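In: Model the following, please.
(one chain, ligands or ions: 3)
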Amino acid sequence: MSQSHLVAALQNALGSDRVLTSIEAMAGYLVDWTGNFRGDALAVVRPSTTAEVSALMRVCSENGVCVTAQGGNTGLVGGSVPLDGLLLSTVYLCTFEDFDPNSGQVTVGSGVTLAQLHAFAVGHDLEFGVDLAARDSATIGGMTATNAGGIHVIAQGMMRKQVVGVEAVLPSGEVISTLRGLAKDNTGYDLTQLLCGSEGTLAVITKVRVQLHRPVATQLLVFGVDSISAALDTAAGFIGNISAAEVIDRASVECVHRVTGISVPFDSAFHLLLEVRGDLDFEALAQHEDLIVALDATDREKLWALRERVTESCAVEQVGVSHKLDVSFPQNILGDAYTQLCDLLDRDGVTQVVIFGHLLDGNFHIFFTTPAADQEIEREVLELVARLGGSISAEHGIGRMKAAYLHLSRGESEISMMKSLKSAIDPQGIMNPGVLFI
Ligand code: FAD
Ligand code: MLT
Ligand code: ZN
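Out: Numbering: from 1, shown residues only. Ligands and ions are numbered 1, 2, ... in the order given. Alright, predicted model coming up:
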């Protein structure tokens, strides 16, 4: 089918206002959040119902046209911008339905943003277990597709733990639904969990049924500590009552201070933010010299900003090409891993090295810049991670960025099993080609 016939068929299926083809109209969809990944597309299509997604997928699979699903385009591994084919934006898939106040479950369209879901939960005296700084743009469909983590993994698990069911459209246009919301349903392969973390390579997720929780009051403590192991020792004193445990190194907080003006509480190598449930033992807390207990919501917001603004502050100060690596290590070697990462990155041509992340998930986010694109240094970092028994991607997924390094974290037979699943579900390979696998 020629491009003009394809566009006509798409406009026929959706209506012309939901099919963008001009360079200007498509521009924002074709570059990722980091600016490192740029793509191209025949058209950007914006369906508003599952039936429309199904019709689109049928046209694409009949004509071998590739499809990249895009939610909030906040992904950090180059998985949300297409190399060619169609970009399918979920922006208009934004319903809320079947809320069950007894189970605390609700079904949302994949284009619903995290902030919108948080607002819905608060409106029903509940809370949603995943939170991350991209909440105003990141979508529930994208977060399911990347199995997002965020700051509450230690208490609530990753996105897949919040997902009780999905509706999705397969490359063929067939619709599958596991939205039954049953507490127990042991009837064959878990297709819900298969699609969590599938990064748009198997199906377009159109709806997600999520579990909301009763909120538990927490208090925010900010410690100044001189090492990763001191941060771990401090957190150990609260184990069982921790809702979030974030660590930021000196370079991170100094970057946030320069860009935002937010004051840095302590002159310490690291800041540790602990969100803890239950009563505080002020006697025990008194032993910590560098400690702030947030007194109210304003305090909390200001102190959390020190952590939440790191990513954007690095982007603002960026000179040259940015490298963002999201890796995890076994917790018992986290301090040593931090030192080895710093040593590896301490070399000419590498600047703005910043390391922060989710301490008790063993998850560091490493940001650094080089004058020009330099895959070699990314490879060296990921090989170090693999040598230390870590994962080359803790929560952001593989995308295009790490597809060439998948073997560093997954065995040959695992990769071939994943590829067999992919070719069984997407035999033409039209779903997000180049993502996850090279
Ligand atoms: P997109 O970027 O649009 O897409 C991401 C991937 O999912 C792509 O491969 C895309 O093809 C696929 N996809 C999107 N929607 C669908 C769908 N409906 N069906 C099938 N596939 C789909 N991530 C974390 O895990 N933890 C964090 O703490 C965190 N903090 C962040 C902070 C900032 C400031 C930023 C910019 C990003 C952060 N991220 C974090 C990364 C990002 O927000 C997550 O990866 C998020 O899950 C992406 O959601 P999205 O809707 O933007 O997806
Ligand atoms: C975070 O935890 O802030 C995110 O994963 C984003 C990042 O890694 O920059
Ligand atoms: Zn993170």
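In: CA atoms only for the strand ranked longest in the chain - export them in PDB, please.
Out: As assigned by DSSP state E, the longest strand anywhere in the chain is strand 204-213. What follows is strand 204-213, C-alpha atoms only, in PDB (Å, rounded to 0.1, in the frame of the first residue of the first chain):
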ATOM      1  CA  VAL A 204      -0.500  -1.900  22.400                       C
ATOM      2  CA  ILE A 205      -1.800  -1.800  25.900                       C
ATOM      3  CA  THR A 206      -5.100   0.100  25.800                       C
ATOM      4  CA  LYS A 207      -6.400  -0.300  29.400                       C
ATOM      5  CA  VAL A 208      -4.800  -1.200  32.700                       C
ATOM      6  CA  ARG A 209      -6.600  -2.300  35.800                       C
ATOM      7  CA  VAL A 210      -4.700  -1.200  38.900                       C
ATOM      8  CA  GLN A 211      -4.800  -1.800  42.600                       C
ATOM      9  CA  LEU A 212      -5.000   1.200  44.800                       C
ATOM     10  CA  HIS A 213      -4.100   1.100  48.500                       C
END
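In: could you say what helices and strands it packs with?
Out: Counting contacts by 3 or more Cβ pairs under 8 Å, 6 or more residues apart in numbering; DSSP states H and E, strand 204-213 packs against helix 50-62, strand 67-70, strand 105-109, strand 127-128, helix 140-146, strand 163-169. The way it works is simple: take the backbone N, C-alpha and C, and place the C-beta from them, glycine included.
In: near ligand 1, anything from that strand?
Out: Yes - legend: contact between strand 204-213 and ligand 1 by Cβ under 6 Å from any ligand atom is shown at 204-205.
In: before we move on, back to that, would you tell me which of the helices and strands packed on strand 204-213 gets closest to ligand 2?
Out: helix 140-146 (10.5 Å; Cβ to the nearest ligand atom).
In: Hmm, residue 141 and residue 75 touching each other?
Out: No - here residue 75 lies out of contact with residue 141, judged by Cβ atoms under 8 Å, at a distance of 11.6 Å.
In: Give me the secondary structure label for the most centrally placed residue in the chain.
Out: Nearest to the mean C-alpha position of the chain, counting by Cα atoms, centre = their mean, stands residue 148 at 3.8 Å. Here residue 148 is recorded as coil under DSSP: H, G, I helix; E, B strand; the rest coil.
In: quick one, what contacts it?
Out: The contact partners of residue 148, taken as Cβ atoms under 8 Å, 6 or more residues apart in numbering, are 130, 132, 138, 142, 158-159, 395.
In: 10 Å instead?
Out: For residue 148, the contacting residues are 74-75, 114, 130-132, 134, 138, 140, 142, 158-160, 162, 196-197, 395-397, by Cβ atoms under 10 Å, 6 or more residues apart in numbering.
In: Among those residues, which lie within helices?
Out: Of those, the ones assigned to helices by DSSP state H are 114, 140, 142, 159-160, 162.
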